[in-house]
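Novice: show me how the following folds:
(3 chains)
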Amino acid sequence: MPKKSESRYIKNIKSAAKKLKSERGITQTQALDKISQDHGFENWRAFGAHIVDSEQANKPLPVPQLSLEFVNDPDVEFDESDFDDLEEDENREISTQAKEIVLSNLRALAKAGVEFSIFEPTATGLKKSILDATQPVRTHFELEGFHNYEFQGQGPDHKVMKVAYFANNDDFKKTTMSLYRPNTKKGDPRMWFRGLGEFVTAGDQIAIVIVDGSACLINLSVHDLKKDLDDHTSRLCELINQYNKKENEVFDELLEKLKELAKSPLENLRKGDTGVGFTVETRLGIEANSSKAPDYHGIEIKSGRSQTRTTLFAQVPDWTLSSCKKSAEILDKYGYARDDDFKLYCTVSTTRENTQGLRFIYDQSNDQVIEVHSSGEDVAVWTGKQLRERLKEKHSETVWIQAESVEINGVEHFQLLTAIHTKAPILSQLMPLIHAGIITMDHLIKRSGKTGRVSEKGPLFKINKKDLDLLFPEPVSYSLK
DNA sequence: GGTACCTGGAC
DNA sequence: TGTCCAGGTAC
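Specialist: Sure, this is the predicted structure:
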């Protein structure tokens, strides 16, 4: 039994036993056992242990208070049933048993040596699809270099979307996470995970672990991590191992897989220009996507049929700063009729005007790239800040794969040749490289003559592969054969 | 359904 | 080199 930190309840029982001892002329132990039996326990040993256990469980869990800050924001509207949910949220109590499970899982996570943060979904939040990004969550995101709300503007234009996962023992469900600050008031940071309601119940304690740049959610109220993390076949165990991997191990693993794929030509899995990227990524087990995040456990993969120019990323202008307010407007003003369609496909650079009369001007004092027309009109504006963010987000680590296109029995195949590994782009060089015309931008806007629909596949910011060393420190080249 | 991204080209 | 272009997905 605890001596020093004995609770008031235990002290009371002991003094009651002392009194009983002198009244009945029995020993202290006999008195304690008698009292224990009155409480339905066999003896003091059992009763005492029960008291300690339940007192332990009644201590607050080392998890953040549930947060319902967002209900005070004017953009969140309430009807009567919402107030019922709110009342439920505010009065919810976590059972002793549930607390024990969570506590044991918290210990297991700490033992595994991962950084994590916790949130508690509320009935109100689940209904409205809103979670407050509380301070502990924000601190965690910042520590992991995952996201910094401090530098994020308010409103939907600044919303950030990321890939996230609902992690279970047997499978990971891929989902989308949004991080944003509403326009209301100070714009208290919020987040949401698409489909969260199917993964959690209000009142659960959910851990966020950042693995390879993605948030992975583990429901601490339903798992037994102590067991799961010892089971090497469990996906949760795999997740923790992945977290603890050193950066180079992930790259080494990728390189080994690429060498394996380079042993024989790969059959093109999709017709057209984009076949090589689709084929390589598919063979690596990556699904086709339009995510801004890197592809392979935090490493971006670029494949090419030995072409010279490569796309860094796609990014539309800042429409709020631009004269034109959408791609269709740029198309209408500066496009051309070709075949049945109306198109604007062209490269824009600072070095010279293109055939559509478009060029870039670098405004150094404002840290902006401005697209202008020969008529003197401004067309569009990109801020250096946004372009650097995109570059950093997309290319913190990249493998540039060179493949040779070979025809086998009339079908295109790809023979992987070399891989160039780059890390940590020199962000400060992005704007100077645009200024120098080394990085250019392609418009890819088209209005179909048949459907009248406008499609925008860009704008693509591109660089010649031979100039990669101007943007990345020490690119390292590997032969895959 | 429109927009913004992804994956990449040829001549 | 510049001019112009391709098949896809997420929301």
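Novice: OK, contacts around the residue in chain A that DNA strand B sits nearest to?
Specialist: Scanning chain A for proximity to DNA strand B using Cβ to the nearest atom of the strand identifies A:G277 as nearest, at 2.0 Å. Yep, even glycine has a C-beta here, placed from its N, CA and C like the rest. Contacts were defined as Cβ atoms under 8 Å, 6 or more residues apart in numbering; by that measure A:G277 touches A:301-304.
Novice: just to be sure, it is in a strand?
Specialist: No. A:G277: not assigned to a strand; according to DSSP: H, G, I helix; E, B strand; the rest coil it is helix.
Novice: how near is it to A:E253?
Specialist: Look at A:G277 and A:E253: by Cβ to Cβ, to the nearest Å, they are 20 Å apart.
Novice: go on, A:E397?
Specialist: Taking Cβ to Cβ, one finds A:E397 at 13 Å from A:E253.
Novice: quick one on the thing from earlier: from the contacts of A:G277, list the ones also adjacent to DNA strand C.
Specialist: Contacts with DNA strand C within the contacts of A:G277, counted by Cβ under 7 Å from any atom of the strand: none were found.
Novice: just the buried ones from those?
Specialist: Restricting those to buried positions leaves A:301-304, with burial counted as 16 or more other Cβ atoms under 10 Å.
Novice: out of those, which one sits closest to A:K162?
Specialist: Set against A:K162, the nearest of the buried ones among the contacts of A:G277 by Cβ to Cβ is A:I301 (17.8 Å).
Novice: element containing the closest one, please.
Specialist: Assignment of secondary structure by DSSP states H and E places A:I301 within strand A:300-304.
Novice: A:E397 and A:E253: who's more crowded?
Specialist: The neighbour comparison of A:E397 against A:E253 (other Cβ atoms under 10 Å) goes to A:E397, with 22 against 14.
Novice: phi, psi for the more buried one please.
Specialist: Here is the backbone geometry of A:E397 (degrees, to the nearest 10): phi -150, psi 130.
Novice: what about the residue lying closest to A:S448 once chain neighbours are set aside, how many neighbours?
Specialist: Leaving aside its sequence neighbours, A:S448 sits nearest to A:D341 (Cβ to Cβ, 6 or more residues apart in numbering; 5.7 Å). As a burial measure, A:D341 scores 15 neighbours (other Cβ under 10 Å).
Novice: thinking again about what came up before, CA atoms of the very next helix or strand once past the strand holding A:I301 as CSV?
Specialist: Next in sequence after strand A:300-304, counting helices and strands by DSSP H and E, comes strand A:309-314. The C-alpha coordinates for strand A:309-314 follow below in CSV (Å, rounded to 0.1, in the frame of the first residue of the first chain):
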residue,chain,number,x,y,z
ARG,A,309,13.0,19.8,-69.3
THR,A,310,11.1,18.7,-66.3
THR,A,311,8.1,20.0,-64.3
LEU,A,312,8.9,21.3,-60.8
PHE,A,313,5.2,21.8,-59.9
ALA,A,314,1.9,23.3,-61.1
